[in-house]
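>>> what follows is a predicted structure for the sequence shown.
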Amino acid sequence: MTEISEEGAGFPGASQGVPYGTPEAPRVAVRGEAVLEFDPELARIGVTVSARGTDRRGALEDLTRRNAQALELIKSYGDAVRKLSTGTFSVQPEMSDRSRRERVNAYNGRVRLNATVTDFTVLGELTTRLGDLELTEVEGPWWGLWDDSPAHRTARQQAVREAVTRAREYAEALGARLVALVELADLGAEPAAPPPPPYPAAPGGMRGYGGPAGPPPVLDLEPQRQTVRAHVNARFVMSPPRLD
């Protein structure tokens, strides 16, 4: 939390010893809020490549080949993909339930890729082409804003203006005026609801098992508007009210 304090700034009743003001310099405490909607700036997708085989080396080779195909496809979109990273990698033996000995039926391998797309015109094509790859699962998109997006600054500034307006209205109702700002507490700008993890390991999604030749259909994806909230607490000193 960011806090700005102007205690002792040269106006009556501004010392720390009088935290709630005086009759000559009363204080008014208000809350400023802003709720704004913005177009998303990015879309995150998760890609899981799988392989399964009775031979461990064969499963690893298939997994390596399919991972390379997925990476090559994603990278072919150039600047449209802002971020690309490998999340997790695993190879697990599948044991036989009927055998009393350590008998392996098969080996299962998985690689998780995370991609952040900023050009939404290619997003539908990219997701369906990835889903068309052999044993490849696609999840998402999860729409969002960058951490340093101007949208957050816009919401915070509007919340501050709302706090000043509200405090001025209270003062004017008493025939007074605002004299000085005593405290401004930034409670943060945050999405309307807690966002899901960037790449949740959820079942389902679009999975390719290999199919007829030819390009897959392009999925029409509609970007989801993002709600940004900002809250501030503010305290002001106002002139003596006229109560008669």
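Now that the structure is in, tell me what you want to look at.
>>> quick one: the residue nearest the centre of the chain from residue 155, how far?
What sits nearest the mean C-alpha location of the chain, by C-alpha atoms, centre = their mean, is residue 144, with 5.1 Å. According to C-beta to C-beta, to the nearest Å, residue 144 and residue 155 sit 15 Å apart. All C-beta atoms are positioned from the backbone trio N, CA, C, and that covers glycine.
>>> residues contacting residue 155?
Counting by C-beta atoms under 8 Å, 6 or more residues apart in numbering, residue 155 touches 34-36, 189, 228-230.
>>> go again using 10 Å as the cut-off
Contacts for residue 155 (C-beta atoms under 10 Å, 6 or more residues apart in numbering) come out as 33-36, 38, 149, 189-190, 227-231.
>>> taking the residues you listed one by one, which sit in helices?
Secondary structure defined by DSSP state H assigns none of the contacts of residue 155 to helices.
>>> who wins for most neighbours among these?
Within the contacts of residue 155, residue 230 tops the neighbour count with 25 neighbours, counted by other C-beta atoms under 10 Å.
>>> residues in contact with that residue?
Counting by C-beta under 10 Å, 6+ apart, residue 230 makes contact with 32-36, 151-160, 162, 186-190.
>>> picking that back up, the residue nearest to the centre of the chain bridge partners, please.
The partner list for residue 144 in beta bridges (DSSP bridges) reads residue 42.
>>> check it and give its pLDDT.
Per-residue pLDDT puts residue 144 at 96.
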